[in-house]
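Undergrad: need a 3D model of the following:
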Amino acid sequence: MSALILPVLISSCDDYSQDEYEFFYVVEAYMIAGRQLPHIILSTTTPADAYYSFEDTAVEDAIVQIRLLNTASNSEVESVFNYIMTEPGIYNASVSHRILPLRTYELNITFPQSAREITAHTTIPDTFHIKEGVPDFIVYRSTEQLEITVSESSYPGRQNIFVFNTISLRPEAVNLTPLYRTIYEDGGEDPDELYLLANNDSGIINEGNFDVNPDGTFTIEFPWLGFSFYEENLVIANTIDDNLYDFVRSRSVQLGGSSLSPGEIQNVISNINGGVGVFGAMASDTVQTIVQRPLAP
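TA: Numbers count the residues shown, from 1 in each chain. A predicted model of the protein is given here:
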């Protein structure tokens, strides 16, 4: 399972300021090593002062393909996987294909009545797995902090970059850990806030933040801040490609993760040529643990 959730208004790193509104195509797709080809979401932007509805912006006339390349982004095409629209703006692969780690894929979108073309490339991270040893039960904020050990993995030209997610399987107000209970109460105890808090991501963690073990595996102490809820939690480790790395780090600035004033904040970085959005890739593994309440003093 993977749950790298990236909710954000997508734009590009380019300067899209203009006197009159111009729409852009918006693409969203996430390739996961070892999984089947993902669905692709295709829509358009709307003016900032207009009511947004995906149904109204969904693109229905596109010719969508994902292509497996021989080597890098400018190499010859080895295989072509055609897509069909299954719902307005939602395209699914018409054939079965398991995504290959350390290979490069190209997204290609064209339109029957237009010369427009949308392209993007991604190189899939190497697969890995979380090693045995994650306890079935942990006591919140105990001296024995949760440790996650992952097997060796690689990404062309750089260290691995991780994003961890925790997903609560019992996201109820009574199960909130102290910090997140405060956040929930300060927000007026909005039930929608529980849904948002149920999936908590770590942000970017570079491989250099891990302890390297003699057998080549990596271990990190998982912070207690990562748990929003007591009881059953999934802990998901994701290694991400360059596209998701750029997207996540620029998204964090958009959401207040810097000291820049609004006029200095750059737009979210997009790897889509001919549109905006993200065509990203990751490898992922999941474990489950139960976070118990601390014992009363």
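Undergrad: contacting residues for the closest residue to Glu231 other than its chain neighbours?
TA: In this structure, Glu231 finds its nearest non-sequential neighbour in Arg170, 4.2 Å apart by C-beta to C-beta, 6 or more residues apart in numbering. Quick note: C-beta positions are derived from backbone N, CA and C, even for glycine. Going by C-beta atoms under 8 Å, 6 or more residues apart in numbering, Arg170 touches Phe229, Tyr230, Glu231, Glu232.
Undergrad: name the helix or strand of the protein that has the lowest mean pLDDT.
TA: helix 242-254 (a mean of 80; mean pLDDT, DSSP states H and E).
Undergrad: beyond that one, next helix or strand please.
TA: Following helix 242-254 in sequence order, the next helix or strand is strand 276-292 (DSSP states H and E).
Undergrad: against which helices or strands is that following strand packed?
TA: Counting contacts by 3 or more C-beta pairs under 8 Å, 6 or more residues apart in numbering; DSSP states H and E, strand 276-292 packs against strand 25-32, strand 114-123, strand 137-139, strand 231-240, helix 242-254.
Undergrad: taking strand 114-123 as reference, get the angle to the longest one.
TA: Going back to what we said before, that points to helix 242-254. With axes from the mean of the first three to the mean of the last three C-alpha atoms, to 10 degrees as the basis, helix 242-254 and strand 114-123 are set at 100 degrees to each other.
Undergrad: and the particular helix or strand that has Ile41 in it, average pLDDT?
TA: When elements are assigned from DSSP H and E, Ile41 belongs to strand 40-44. In this model, strand 40-44 has an average pLDDT of 96.
Undergrad: could you shift the numbering so residue one becomes 18, and keep it that way?
TA: All set: I'll call the first residue 18, so the last point we hit is now strand 57-61.
Undergrad: how about the nearest residue to Leu261 once chain neighbours are set aside, what does it touch?
TA: Spatial nearest neighbour of Leu261, chain neighbours left out: Gly297 (3.8 Å); criterion: C-beta to C-beta, 6+ apart. By C-beta under 8 Å, 6+ apart, the residues touching Gly297 are Ala46, Tyr47, Met48, Thr139, Ile257, Asp258, Asn260, Leu261, Phe264, Asn288.
Undergrad: what is the nearest of those to Tyr212?
TA: Tyr47 (20.1 Å; C-beta to C-beta).
Undergrad: and for the closest one, the neighbour number?
TA: If you count neighbours by other C-beta atoms under 10 Å, Tyr47 ends up with 23.
Undergrad: so what pairs up with it in the strands?
TA: Gly297 (DSSP bridges).
Undergrad: isn't it right up against Met299?
TA: Yes: applying C-beta atoms under 8 Å, one finds Tyr47 in contact with Met299, separated by 6.7 Å.
Undergrad: picking that back up, the least confident helix or strand of the chain: which residues count as buried?
TA: Asp259, Asn260, Leu261, Tyr262, Asp263, Phe264, Val265, Ser267, Arg268, Val270, Gln271 (16 or more other C-beta atoms under 10 Å).
Undergrad: could you pull out the strands for the stretch 18-167 of the chain?
TA: Using DSSP state E, counting those that start in this stretch, the strands of the stretch 18-167 of the chain run over residues 42-49, 57-61, 80-86, 94-104, 107-110, 121-128, 131-140, 154-156, 164-167.
Undergrad: out of these, deepest packed?
TA: Mean neighbour count, computed with mean count of other C-beta atoms under 10 Å, is highest for strand 42-49 among those, reaching a mean of 23.
Undergrad: can I get that strand as PDB, trimmed to CA atoms?
TA: Output of strand 42-49 as PDB, limited to C-alpha atoms (Å, rounded to 0.1, in the frame of the first residue of the first chain):
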ATOM      1  CA  TYR A  42      -4.100  21.200 -18.700                       C
ATOM      2  CA  VAL A  43      -3.600  19.600 -15.300                       C
ATOM      3  CA  VAL A  44      -2.200  16.100 -15.100                       C
ATOM      4  CA  GLU A  45      -1.900  13.800 -12.000                       C
ATOM      5  CA  ALA A  46      -0.400  10.300 -12.000                       C
ATOM      6  CA  TYR A  47       1.800   8.300  -9.600                       C
ATOM      7  CA  MET A  48       3.800   5.300 -10.800                       C
ATOM      8  CA  ILE A  49       4.600   2.700  -8.100                       C
END
